[in-house]
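> got a predicted model here, sequence first, then my questions.
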Amino acid sequence: MLFKDVIGQEETKKKLIKTVKDNRVSHAQLFSGPEGAGSLPLAIAYAQYLSCGNRSGDDSCGTCPSCNKYAKLIHPDLHFILPVASTPKVKDPLTDKFLEEWRKSFIENPYLNPAAWYKAIGLENKQGFINVKESSEIIRKLSLKTYESEFKVVIIWLPEKMNDQTANKLLKIIEEPPSKTLFLMITENSGNILPTIYSRAQMIKIPKLEEAEIFSALKQKYDFEKVEIKDAAHLADGNWLKALNLLEKTGESRLHFEKFTALMRLCWVRDMLGLLNWVEEMSRLGRESQKLFLDYGLRIIRENFIMNINPETSGEMIRMTRYESDFSVKFSKFINKNNIFGIASEFNQACLHIEANANGKIVFHDMANRLAKLIKQ
Ligand SMILES: [Zn+2]
């Protein structure tokens, strides 16, 4: 991972590079930032920079033997401690048993979140955790001499996933590490880290990304219409992962938008035959799609209420795409303090009923009938 491949975060990159130049590399550092801000790729770019045999003033070379190994995460002086759990294939869960999946997942998307990681290693509904055995494992590895680099680096991804016992064992080695050993911990939730660990590390705060940074990174990566990229960057709220998901879902939300506007129009003119057709179409979708539609509707209703009570609200406050806000300029006038709770509750209730396996046709039929009354209030 080169610094130039990490989106934005220019100030943090400069600070990290300066620690190397000034020979002030702290042996325990905690990269703390929200999901999708890039804490993990930054930490790995930093480790690669330290190890690069031919680094420049602002990045690793990308071509030396060390960089080549880093690109595949197979450098012998780079170690990982990750949250894992037992799976049908692995009964005794330790990071080393999942390294292949880890390399693949990170290389595919260096901004991956815990959910994506758990899915990649086949944890269905389970959470990963950092096994207490990782500490003896890492002590063993660190007692070997460095192979090829000046530093040995241990990346601890999500230190909030360790319990007291694990933390205490690791703490000893973090406090008195073998020389030239670095612990880079990466958290998305520093409030959940045990204070003993938290207080021993130097904190590197990673802010969420700027909208403009996401926009230009998306533009480089995708061949989409500019307006879709602009919308995704705006709605992502500084989270690269969310921006990627939004672009994937562009087609899907367009469909929800059309269903939603059709429903509201039919309700407004009380076109009962039209509503019956609408209900018929909705009932043919799968339950997951029905739920996604209801979530979508709820979001648009809320944003429209904000627009209604404060028509001057800037684009910053309203998280909507261009076509959604074009529609909402007029529609927001109908979502007011008299009906917002009723309408929102209709969407919520319908969602609960769908989750509870109620008949979709009945749920949407009842909802549409009540919305037709509420919308006129
Ligand atoms: Zn290099």
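That came through fine.
> in the chain, which helix is the longest?
What stands out as the longest helix in the chain, according to DSSP state H, is helix 287-309.
> which secondary structure elements does it contact?
Packing partners of helix 287-309 (3 or more CB pairs under 8 Å, 6 or more residues apart in numbering; DSSP states H and E): helix 250-269, helix 322-331, helix 340-355, helix 360-374. Placement of C-beta: from N, CA and C, glycine included.
> how about residues contacting that helix?
Contacting residues not belonging to helix 287-309 are listed as 252-253, 256-257, 259-260, 263, 282, 285, 313, 317-320, 324, 328-329, 331-337, 340, 343-344, 347-348, 350-351, 354-355, 357, 360, 364 [CB atoms under 8 Å, 6 or more residues apart in numbering].
> this protein: strands as residue ranges?
Here the chain has its strands, by DSSP state E, at 28-32, 78-81, 152-157, 181-187, 202-205.
> let me see the contact set for the residue of the stretch 151-300 of the chain found nearest the ion.
The ion sits closest to F151 of the stretch 151-300 of the chain, with a gap of 13.8 Å, by CB to the ion. Neighbouring residues of F151 by CB under 8 Å, 6+ apart: V25, A47, L50, S51, D77, K180, T181, L182.
> possible to save the strands of the chain as CSV with distance to E10, mean neighbour count and mean pLDDT?
Below are these laid out as CSV (distance: least, CB to CB, whole Å; neighbours: other CB atoms under 10 Å; pLDDT from 0 to 100):
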stretch, distance to E10, mean neighbour count, mean pLDDT
strand 28-32, 16, 23, 96
strand 78-81, 25, 22, 96
strand 152-157, 22, 25, 96
strand 181-187, 19, 24, 95
strand 202-205, 14, 14, 95
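> including distance to N277, could the ones you listed go into a markdown table?
Below are the strands of the chain laid out as a markdown table (distance: least, CB to CB, whole Å):
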| stretch | distance to N277 |
| --- | --- |
| strand 28-32 | 52 |
| strand 78-81 | 55 |
| strand 152-157 | 50 |
| strand 181-187 | 50 |
| strand 202-205 | 53 |
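> closest to Y118 out of those strands?
Among the strands of the chain, the nearest to Y118 by CB to CB is strand 152-157 (12.3 Å).
> returning to what we had before: just the buried ones from the contacts of helix 287-309?
The neighbour-count criterion (16 or more other CB atoms under 10 Å) marks 253, 256-257, 259-260, 263, 282, 285, 318-320, 324, 328, 331-332, 334-335, 340, 343-344, 347, 350-351, 354, 360, 364 among these as buried.
> which parts of the chain sit against the ion?
C52, N54, S60, C61, C64, C67 (CB under 5 Å from the ion).
> quick check, the second one in contact with C61.
In this case it means N54. Yes: using CB atoms under 8 Å, N54 is in contact with C61, at 4.0 Å.
> just want the residue of the stretch 101-250 of the chain that's nearest the ion.
Closest point on the stretch 101-250 of the chain to the ion, by CB to the ion, is S149, at 10.8 Å.
> count of neighbours near that residue?
21 (other CB atoms under 10 Å).
> ok, now how distant is D237 from K259?
According to CB to CB, to the nearest Å, D237 and K259 sit 25 Å apart.
> I meant to write Y296 there.
Y296 is 8 Å from K259, by CB to CB.
> next: L294.
In this view, L294 and K259 are 10 Å apart by CB to CB.
> what do you get for W117?
To K259, W117 is 33 Å away according to CB to CB.
> can you list the low-confidence ranges for the stretch 201-350 of the chain?
Counting by pLDDT under 70, the stretch 201-350 of the chain contains low-confidence ranges at 223-224, 251, 313-318.
> how about the contacts made by the nearest residue to N369 once chain neighbours are set aside?
Excluding the flanking residues, the one nearest N369 by CB to CB, 6 or more residues apart in numbering is L275, at 7.8 Å. Going by CB under 8 Å, 6+ apart, L275 touches L263, L266, C267, A368, N369, A372.
> contacting residues around stretch 163-183?
Residues outside stretch 163-183 that contact it (CB under 8 Å, 6+ apart): 25, 27-29, 47, 50, 81, 129-132, 134-136, 138-139, 142-143, 146, 150-154, 156, 159, 162, 194, 196-197, 200-201.
> narrow these to those in helices?
Using DSSP H, those in helices are A47, L50, E134, S135, S136, I138, I139, L142, S143, T196, I197.
> my read: the second one touches L184, true?
The one in question is L50. No: the pair L50 / L184 is not scored as a contact, 9.9 Å apart, by CB under 8 Å.
> got any residues that touch both of those two?
V153.
> hmm, back to that, the residue of the stretch 101-250 of the chain closest to the ion contacts S51, doesn't it?
Yes: using CB under 8 Å, S149 is in contact with S51, at 4.3 Å.
> quickly list what's touching both of those two.
S66, H75, D77.
> most neighbours of all those, which one?
D77 (26 neighbours).
> got the contact list for that residue?
Counted by CB under 8 Å, 6+ apart, D77 has contacts S51, T146, Y147, E148, S149, F151, K152, V153.
> could you tell me how far it is located from the ion?
14 Å (CB to the ion, to the nearest Å).
> just give the closest residue to that residue, not the sequence neighbours.
S149 (4.3 Å).
> contact partners for the one you found?
By CB under 8 Å, 6+ apart, the neighbours of S149 are L50, S51, S66, H75, D77.
> who's in contact with N192?
Here N192 is in contact with E160 (CB under 8 Å, 6+ apart).
> repeat for T12
L42, I204, I206.
> with R287 as the reference, measure out to the second one.
This means I204. I204 is 43 Å from R287, by CB to CB.
> what do you get for the last one?
Using CB to CB, one obtains 38 Å as the distance from I206 to R287.
> looking at these two, which is more packed in?
I206 (21 against 12).
> nearest residue to that one in space, ignoring adjacent ones along the chain?
G33 (2.8 Å).
> touching, that neighbour and E188? I think so.
Yes: with contact defined as CB under 8 Å, G33 and E188 form a contacting pair (7.2 Å).
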